[in-house]
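Participant: Predicted model follows, preceded by the sequence.
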Number of protein chains: 2
Amino acid sequence: MKIPVVKEILSANDQVAAENRGVFDADGVFSLNLMASPGAGKTSLILSTVDHLPDELRPGVIEGDLASTIDADTIAARRIPVVQINTGGQCHLDAVMLQNAIQQLPMNGLDLLVVENVGNLVCPTSFQLGTHRDVLIASVPEGDDKPYKYPGMYQGVDVILLNKMDVLPAFDFDMDYFRRGVEILNPGLEFFPVSCKTGEGIESWLEWIRGERVKYLEAGGVAHDLE
Amino acid sequence: MKIPVVKEILSANDQVAAENRGVFDADGVFSLNLMASPGAGKTSLILSTVDHLPDELRPGVIEGDLASTIDADTIAARRIPVVQINTGGQCHLDAVMLQNAIQQLPMNGLDLLVVENVGNLVCPTSFQLGTHRDVLIASVPEGDDKPYKYPGMYQGVDVILLNKMDVLPAFDFDMDYFRRGVEILNPGLEFFPVSCKTGEGIESWLEWIRGERVKYLEAGGVAHDLE
């Protein structure tokens, strides 16, 4: 007798993820799933991004954390629509959590939705949310060997940022070794070295968002199929 | 009808954890479970620890990673008994993985076993390994808000180290805010600010290990019950 428990759970999640995608596409809201280690700078990148967005791109944010509203409070102080998801111990967001959260956002008043996943390089990769692009934020202090140690995360994303470039001289970080690891796992992956502190690289990152959003809209609002 | 699936899995894990504890205690091997974010410095701390241990404390190491043998290779270069566990995508070690690994170590030739868990601030807390103490390594670049965001991890450990103190001036890290978060979750928790790079704090950390090992041995080899 085959007991397909795990498969059923995943399918249920993917079903809701597809519904989320439908909600985004109904309003043409281009959406990003931000993943990273704890403390790599997900919230800082969101702040840098919304601070530099052109006026015609109206952002919304969903913050995922095990506990606390620290991140959502920071975003709300910018007068940007934000919902905090507290997973209550869960190590990742899932599509149902996101479904509940987007019902609390004014979707028809948004152009860009940024979802900050729980800080974790493993579990978030297993749960589709319905978002259009998966974004990984690595950071210099984490070390140059992370692609080799967390290959699933590096394989699955559409773009990678390397944050905290301002402290590069203080760390023993071999950029070639890091890039080689990324290239093996995800050939040709777009890569942006950035510093949310100094602003380095943020303009190129915004250029990428604008370009991907245009591709998304030109493809009729469905740029990527859910895999 | 009640379906007790999750509970059964946890019980099976705890059963094996108790067996692991028995193996440690049969040889008086004091064991530590090292947990941290990716890149907080688990392997660096292990290296600093074994490099400064008195000769009468013979160390062994178990390295847990999703993939790669990078860490085990580094330890093996020190001629220290080491086993690499590759979890193959699993986000934490469990007691069965550890049981298999300790069978490959010369337990009766060890006094201290250091187990490096997968880099993750969430999942490792849910799986007993059978080790005697749970150790959390935080690091300055991760930020001062981590106790508030990952309370389960900070609540469950027996000691905390704050690594990368050498780069403290380069980061906006509020030590009082961090310590307050730790104190709320785990009152009176032992705390060691360290730098594996400069050696700051390592002697105090070694003093803690020696002291805890003495307590363990004086209690007849079973200092802590499995909770």
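Facilitator: Noted; the coordinates are in hand. Residues are numbered from 1 along each chain as shown, chains lettered A, B, ... in the order given.

Participant: I'd like the next helix or strand past the longest helix along chain A.
Facilitator: Scanning chain A for the longest helix, with DSSP state H as the assignment, gives helix A:5-26. With elements assigned by DSSP states H and E, the helix or strand that comes after helix A:5-26 is strand A:30-36.

Participant: what helices or strands is that next one leaning on?
Facilitator: Contacts defined by 3 or more Cβ pairs under 8 Å, 6 or more residues apart in numbering or on different chains; DSSP states H and E place strand A:30-36 against helix A:42-52, strand A:112-116, strand A:133-139, helix A:202-218. Quick note: C-beta positions are derived from backbone N, CA and C, even for glycine.

Participant: Establish whether the helix or strand following the first one and chain B are in contact.
Facilitator: It refers to helix A:42-52. Note on helix A:42-52: by DSSP H and E, the next helix or strand toward the C-terminus is strand A:59-65. Yes. Strand A:59-65 is in contact with chain B by Cβ under 8 Å from any Cβ of the partner chain, via A:Asp65.

Participant: Identify the neighbouring strands of strand A:59-65 in the sheet and state each direction.
Facilitator: Strands adjacent to strand A:59-65 in the sheet, as given by DSSP bridges, are strand A:82-86 (parallel), strand A:112-116 (parallel).

Participant: can you give me the angle that strand makes with strand A:30-36?
Facilitator: 30 degrees (axes from the mean of the first three to the mean of the last three Cα atoms, to 10 degrees).

Participant: one step back: mind putting the helices and strands packed on strand A:30-36 into a markdown table with mean pLDDT, distance to B:Thr131 and mean neighbour count?
Facilitator: Compiled in a markdown table, these are given as follows (pLDDT from 0 to 100; distance: least, Cβ to Cβ, whole Å; neighbours: other Cβ atoms under 10 Å in any protein chain shown):
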| stretch | mean pLDDT | distance to B:Thr131 | mean neighbour count |
| --- | --- | --- | --- |
| helix A:42-52 | 97 | 31 | 21 |
| strand A:112-116 | 98 | 33 | 25 |
| strand A:133-139 | 98 | 29 | 26 |
| helix A:202-218 | 97 | 42 | 16 |
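
Participant: Start and end of stretch A:98-112, how far apart?
Facilitator: 15 Å (Cα to Cα, to the nearest Å).

Participant: List the buried residues in that stretch.
Facilitator: A:98-99, A:101-102, A:105, A:107, A:110-112 (16 or more other Cβ atoms under 10 Å in any protein chain shown).

Participant: from the residues you listed, which ones fall inside strands?
Facilitator: Judged by DSSP state E, the buried residues of stretch A:98-112 include A:Leu112 as members of strands.

Participant: What about the buried residues of stretch A:98-112, which are in helices?
Facilitator: Per DSSP H, the buried residues of stretch A:98-112 map to helices at A:98-99, A:101-102.

Participant: In these, find the pair that's most separated.
Facilitator: Maximum pairwise distance in these, criterion Cβ to Cβ, is 7.3 Å, between A:Gln99 and A:Ala101.

Participant: okay, and the helix or strand of chain A with the least pLDDT?
Facilitator: Within chain A, confidence by mean pLDDT, DSSP states H and E is lowest for helix A:5-26 among all helices and strands, at a mean of 85.

Participant: and the angle from it to strand A:112-116?
Facilitator: Using the same axes, to 10 degrees, helix A:5-26 lies at 150 degrees relative to strand A:112-116.

Participant: angle of helix A:5-26 against helix A:202-218?
Facilitator: Computed by the same axes, to 10 degrees, the angle between helix A:5-26 and helix A:202-218 is 90 degrees.

Participant: hmm, back to that, closest one of the ones in helices among the buried residues of stretch A:98-112 to A:Pro124?
Facilitator: Using Cβ to Cβ, A:Leu98 comes nearest to A:Pro124 of those, at 11.7 Å.

Participant: hang on, that closest one packs against A:Asn117?
Facilitator: No. With contact defined as Cβ atoms under 8 Å, A:Leu98 does not count as touching A:Asn117 (9.8 Å).

Participant: overlap in contacts of the two?
Facilitator: A:Leu129 (Cβ atoms under 8 Å, 6 or more residues apart in numbering or on different chains).

Participant: Which residues of chain A lie near chain B?
Facilitator: A:5, A:37-39, A:65-68, A:70, A:89-91, A:118-123, A:139, A:141-143, A:145-146, A:148-152, A:164, A:166-167, A:170-171.

Participant: so who does the most centrally placed residue in chain A touch?
Facilitator: The centre of chain A sits closest to A:Leu34, judged by Cα atoms, centre = their mean, with a distance of 1.4 Å. Applying Cβ under 8 Å, 6+ apart to A:Leu34 gives the contacts A:42, A:45-46, A:114-117, A:135, A:137.

Participant: and it, bridged to which residues?
Facilitator: Residues in beta-bridge contact with A:Leu34 (DSSP bridges): A:Glu116, A:Val135.

Participant: How much space separates it from A:Thr87?
Facilitator: From A:Leu34 across to A:Thr87, the span is 15 Å (Cβ to Cβ, to the nearest Å).

Participant: Over to A:Val157?
Facilitator: Taken as Cβ to Cβ, the span from A:Val157 to A:Thr87 is 21 Å.

Participant: More neighbours: those two, which one.
Facilitator: A:Val157 (20 against 17; other Cβ atoms under 10 Å in any protein chain shown).

Participant: my guess is the more buried one contacts A:Ala36, does it?
Facilitator: No. Using Cβ under 8 Å, A:Val157 makes no contact with A:Ala36, being 10.3 Å away.

Participant: shared neighbours of those two, which are they?
Facilitator: Both A:Val157 and A:Ala36 are in contact with A:Leu136, where contact means Cβ under 8 Å, 6+ apart.

Participant: what secondary structure does the nearest residue to A:Asp14 once chain neighbours are set aside sit in?
Facilitator: Leaving aside its sequence neighbours, A:Asp14 sits nearest to A:Gln128 (Cβ to Cβ, 6 or more residues apart in numbering or on different chains; 5.3 Å). Judged by DSSP: H, G, I helix; E, B strand; the rest coil, the three-state class of A:Gln128 is coil.

Participant: give me the number of residues near A:Gln128?
Facilitator: So A:Gln128, with other Cβ under 10 Å, has 22 neighbours.

Participant: isn't it right next to A:Ala12, touching?
Facilitator: No. Applying Cβ under 8 Å as the test, A:Gln128 and A:Ala12 come out as separate, 11.0 Å apart.

Participant: What is the nearest of the buried residues of stretch A:98-112 to A:Glu183?
Facilitator: Taking the buried residues of stretch A:98-112 together and measuring to A:Glu183 by Cβ to Cβ, the closest member is A:Leu112, at 28.4 Å.

Participant: what's around the nearest residue to that closest one once chain neighbours are set aside, how many residues?
Facilitator: Of all residues not flanking A:Leu112 in the chain, A:Pro59 sits nearest, at 4.8 Å (Cβ to Cβ, 6+ apart). Counted by other Cβ under 10 Å, the residues lying close to A:Pro59 total 21.
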